[in-house]
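K.L.:
Curious how this folds, go ahead:
(one chain, ligands or ions: 1)
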Amino acid sequence: MRLYRTADYDDMSRKAANIISAQVIIKPDCVLGLATGSTPLGTYRQLIDWYKKGDLDFSEVKSANLDEYRGLPRDNDQSYYYFMYNNLFKHININLDNTNVPNGMEPDSEKECLRYEKVIADLGGVDLQLLGLGRNGHIGFNEPADSFGTITHCVDLTESTIEANKRFFASADDVPRQAYTMGIQTIMKARKILLAVSGEDKAEALYNTLYGPVTPQVPGSILQLHTDVVVVADEAALSRIPR
Ligand code: GLP
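P.N.:
Numbering: from 1, shown residues only. Below you'll find the model as predicted:
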């Protein structure tokens, strides 16, 4: 595992974007695993900037997002498809047909989860998976649990996640209670993983993820077992980890 200490959010974003752009330059038809949330926003802004300057070409890139709220249509401004379209896809030359997000509107969760796993397998797997970290150590929407979830599945969101994500909704009552998420096994199959973490409120989760026991109570801790993980975190997120 390689850890990059960055000064602040902007520095973290630039470093994470650097790693993603290296992937795109080295393998123009790569499969990027993408994430939502406030953490990757700066990274996406930086990628858009480099694309506009002519330094990056996404025309052959394919993508698969980590997760989606169950029950939200693509045009709902809180859906993760909407997030991806508005914060990245529409600003770059990625072919929308090559972008994939779980379909939150498919009511048959088993069918949707199997379909999504097949989509990823048909793409040949993920080359670089970008991850944020939940305050409770979740990755994607793999919440603390008694065992590591396996492949793409439907999860009940924990109160702590609903609480953390309610800032994007009118109220906590409006936050969907379930989501479709890549499972831990799906994430661990990515050839390379980039974990981006910013802010004091993630310090404990990041410490437990990197240095705590590998336990499904801290889903991110499984990353200790992956052979190619890069962590890019700012000083605030690293405040519990001495230099
Ligand atoms: C959500 C997403 C995660 C994300 C996490 C952290 O729950 N499902 O993929 O990593 O929130 O979000 P943020 O970056 O806004 O702190």
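
K.L.:
mind showing which ranges of the protein have poor pLDDT?
P.N.:
For the chain, no stretch is flagged by pLDDT under 70.

K.L.:
Which positions in it make contact with the ligand?
P.N.:
35-39, 66-67, 132-134, 140-141, 161, 165 (CB under 6 Å from any ligand atom). All C-beta spots, glycine's among them, are computed from the backbone N, C-alpha and C.

K.L.:
Repeat the analysis, applying 8 Å as the threshold.
P.N.:
35-40, 66-67, 80, 131-135, 138-141, 157, 161, 164-165, 179, 181, 198-199, 201-202 (CB under 8 Å from any ligand atom).

K.L.:
Residue nearest the middle of the chain, spatially speaking?
P.N.:
Central residue of the chain (CA atoms, centre = their mean): Ala35, 2.7 Å from the mean position.

K.L.:
Check which residues of the lengthiest helix in the chain are buried.
P.N.:
Taking DSSP state H as the assignment, the helix of the chain that covers the most residues is helix 9-26. For helix 9-26, a neighbour-count test (16 or more other CB atoms under 10 Å) marks 9, 11-21, 23-24 as buried.

K.L.:
Show me which of these is closest to Met1.
P.N.:
Ile19 (13.7 Å; CB to CB).

K.L.:
Wait, the closest one touches Val229, no?
P.N.:
No - with contacts counted by CB atoms under 8 Å, Ile19 stays clear of Val229, the gap being 11.4 Å.

K.L.:
where do the contact lists of the two overlap?
P.N.:
The contact sets of Ile19 and Val229 overlap at Leu194 (CB atoms under 8 Å, 6 or more residues apart in numbering).

K.L.:
thinking again about what came up before, wait, the residue nearest to the centre of the chain touches Gly134, no?
P.N.:
No - the pair Ala35 and Gly134 fails to qualify as a contact (CB under 8 Å) at a distance of 11.0 Å.

K.L.:
could you pull out the helices for this protein?
P.N.:
Going by DSSP H, the chain shows helices at 9-26, 41-52, 80-87, 109-123, 159-165, 184-188, 203-211.

K.L.:
in the second one, what counts as buried?
P.N.:
When you say that, I think you mean helix 41-52. Those would be 42-48, 50-51, for helix 41-52 by 16+ other CB under 10 Å.

K.L.:
same thing with the third one?
P.N.:
Along helix 80-87, the positions that meet the burial threshold by neighbour count (16+ other CB under 10 Å) are 80-85, 87.
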